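[1] Next come a sequence and a model predicted from it.
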Amino acid sequence: MTLPIDAEKPLVGMVHLPPLPGAPKFSGDFQQVRETALRDARRLEAGGVDALMLENFGDAPFYPDDVPKHVVASMTRVAADVRDEVDLPIGINVLRNDATAALSVAAAVEAALVRVNVHVGSRVTDQGIVEGQAHETVRLRDRLDSEVALLADLDVKHSAPLAERPIDAEAVAEPVQRGLAAGVVVSGAGTGHEVGGDHLRAVAAARDEAGLDAPVFVGSGVTAENAGDILSVADGAIVGTALKEGGETTNPVSVERVEEVVAAVESVR
């Protein structure tokens, strides 16, 4: 399955949702949640990103792999609002790793993408051991008659491997060939952390060695200063923190900062 974003080296802007109803830090005002998401979506579109990714970032501590139904309902409502507000492809990521919920939301709002933090294999996280459910996720996509593309993380941030494994052709091929993901995502150790250049080059080289026609996205740490270097290797980027006022993840999106990152991406297109 090809990636449904009509752009070379696409830039995906994050819409970090405030705490949703039922989360420990929910403000009690769901209208404010919706308005915050719409504001950031409009600013990302105005700044020139190619797509959006909605994520329940404010819901910590996260459920490992099965969020309550009210989270699905809230995210669907907000995602539908955003879909109606902007003319951009939309992606869904349900933290920590509820691909079933993400696919369900995506199918309901006709989103283009779903990001799955652990699609194949297992990772040690602050939620415990999180196991990939590619066999369930891909079958659910078929049952929903959805064409949403899956982006699968390799060594996802805020996690550690159960056992060390080299980045080789087999490791990169598994989520694509066996998990049927459209592309892979590499990230730094945590939110906003830059991906090591050697690691990124190793993933891209392994992808090429495996003969895969699958994009490698960078999922953290991309800024206006390093976007050119990173996207000279990577095929796209998912960016959140660098697009926010003051470079703080929980702040509103800054159109000026979005434009700066977009300009850096344009320099390597």
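    That came through fine. Numbers count the residues shown, from 1 in each chain.

[2] Enumerate every residue touching the residue nearest to Arg207 when sequence neighbours are not counted.
    Using C-beta to C-beta, 6 or more residues apart in numbering and skipping the chain neighbours, the partner closest in space to Arg207 is Val172 (5.0 Å). C-beta coordinates here come from the backbone N, C-alpha and C atoms, glycine included. The contact partners of Val172, taken as C-beta atoms under 8 Å, 6 or more residues apart in numbering, are Leu154, Val184, Val203, Ala206, Arg207, Ala210, Leu212.

[3] What residues sit buried inside the host helix or strand of the third one?
    Assigned by DSSP states H and E, Val203 belongs to helix 197-209. Within helix 197-209, the residues that qualify as buried by neighbour count (16 or more other C-beta atoms under 10 Å) are Leu200, Ala202, Val203, Ala204, Ala206, Arg207.

[4] which sections of the stretch 151-269 of the chain are below the confidence cut-off?
    By pLDDT under 70, the weakly predicted segments of the stretch 151-269 of the chain are 190.

[5] ok, now with 80
    For the stretch 151-269 of the chain, residues meeting the criterion pLDDT under 80 lie at 157, 189-193, 196.

[6] can you give me the strands in it?
    159-161, 183-186, 216-218, 236-239 (DSSP state E, counting those that start in this stretch).

[7] Including mean neighbour count and distance to His16, could those strands go into TSV?
    As requested, the strands of the stretch 151-269 of the chain are exported to TSV (neighbours: other C-beta atoms under 10 Å; distance: least, C-beta to C-beta, whole Å):
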stretch	mean neighbour count	distance to His16
strand 159-161	15	19
strand 183-186	27	16
strand 216-218	23	17
strand 236-239	27	11
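
[8] Let me have those strands in a markdown table, adding distance to Glu248 as columns.
    Converted to a markdown table, the strands of the stretch 151-269 of the chain look like this (distance: least, C-beta to C-beta, whole Å):
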| stretch | distance to Glu248 |
| --- | --- |
| strand 159-161 | 23 |
| strand 183-186 | 22 |
| strand 216-218 | 20 |
| strand 236-239 | 14 |
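
[9] which stretch among these comes nearest Met14?
    Nearest to Met14, of all the strands of the stretch 151-269 of the chain, is strand 236-239, at 6.6 Å by C-beta to C-beta.

[10] Pairing partners for the closest one, with directions?
    Here strand 236-239 has these sheet partners by DSSP bridges: strand 11-16 (parallel), strand 216-218 (parallel).

[11] Quick check: what element follows the first one along the chain?
    Translated: strand 11-16. helix 30-47.

[12] In contact with the nearest residue to Thr223 once chain neighbours are set aside, which residues are there?
    Counting by C-beta to C-beta, 6+ apart, Thr223 lies nearest to Ala242, which is 4.3 Å off, once chain neighbours are set aside. Under the criterion of C-beta under 8 Å, 6+ apart, the contact list for Ala242 reads Gly192, Val222, Thr223, Ala224, Arg257, Val261.

[13] Distance of Ala242 relative to Val268?
    To Val268, Ala242 is 16 Å away according to C-beta to C-beta, to the nearest Å.

[14] related to what we said a few turns ago, specify which member of the contacts of Val172 is nearest to Leu88.
    Nearest to Leu88, judged by C-beta to C-beta, of these is Val184 at 22.1 Å.

[15] Just list whatever residues bridge to that closest one.
    Ala152, Val216.

[16] doesn't Gln177 make contact with it?
    No. Using C-beta atoms under 8 Å as the test, Val184 is too far from Gln177 to be in contact (11.3 Å).

[17] Using the three-state scheme, assign the residue nearest to Leu144 when sequence neighbours are not counted.
    The shortest distance from Leu144 to any non-neighbouring residue, by C-beta to C-beta, 6+ apart, is to Ala107 (4.4 Å). What DSSP: H, G, I helix; E, B strand; the rest coil gives for Ala107 is helix.

[18] Wait, Ala107 touches Asp142, no?
    No. Using C-beta under 8 Å, Ala107 and Asp142 do not qualify as a contacting pair, with a distance of 11.2 Å.

[19] neighbour-wise, which of these two wins?
    Taking neighbours as other C-beta atoms under 10 Å, Ala107 and Asp142 compare with Ala107 leading, 20 against 8.

[20] Please consider this matter closed, and thank you.
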